[in-house]
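Student: Build me a structure from this.
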Amino acid sequence: TWMRSTKEVAIAGSFEAKAGFDLQQKFSVNLKNDTAYVALPEPIILSVESQGDITYRDENGIWNWVNPDDRTQATNAFITDARKYAEQAAFVQDAKIKMEERLKVLLQPHAKGVVIRYSSTISLPQPK
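Tutor: Prediction:
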């Protein structure tokens, strides 16, 4: 609103978010007494991508018109909101379940049991 002239930008669209594990972060797998101990970072949102269907509905004020910068600001806020929404979604935790299933199959020939621990920081054993 500027001098009682209000402009509005309504934005709509869809996004695809992908959750998983950052392969640049440290993890560990230790075999001890027929048990595999796995330490992994927490799953995160890896990407949030627009599906190309973003639409705008502009409403100009009497002398306060919508300009390209307004649309850019609306788009940036929309993407930020989509990322925040994705970070709270259940599919982020589903990444844990899928990882655990895959690790158990992968480690089955080498260990009778698998213990998986998640942490925001993982310290790896130092070489001796």
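
Student: Centre-most residue in the chain?
Tutor: Residue closest to the average C-alpha location in the chain (CA atoms, centre = their mean): Ile45, at 1.3 Å.

Student: Please settle this for me: is that residue part of a strand?
Tutor: Yes: per DSSP: H, G, I helix; E, B strand; the rest coil, Ile45 lies within a strand segment.

Student: do you know how far it is from Gln88?
Tutor: 10 Å (CB to CB, to the nearest Å). (C-beta placed from N, C-alpha, C; glycine too.)

Student: now do Phe15
Tutor: 14 Å.

Student: repeat for Gly113
Tutor: Separation of Gly113 from Gln88 (CB to CB): 32 Å.

Student: now do Thr1
Tutor: On the measure of CB to CB, Thr1 and Gln88 end up 31 Å apart.

Student: which residues touch Arg117?
Tutor: 37-40 (CB atoms under 8 Å, 6 or more residues apart in numbering).

Student: same question but for Lys7, I mixed them up
Tutor: 1, 58-61, 64-66, 70.

Student: just Ala39 next, same as before
Tutor: The neighbours of Ala39, taking CB under 8 Å, 6+ apart as the test, are 27-28, 116-119, 122.

Student: Reformat the residues you listed into TSV and put pLDDT, secondary structure and distance to Arg102 next to each item.
Tutor: TSV is the format used below for these (pLDDT from 0 to 100; DSSP: H, G, I helix; E, B strand; the rest coil; distance: CB to CB, whole Å):
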residue	pLDDT	secondary structure	distance to Arg102
Phe27	90	coil	13
Ser28	91	strand	16
Ile116	93	strand	11
Arg117	93	strand	16
Tyr118	91	strand	15
Ser119	83	strand	19
Ile122	53	coil	18
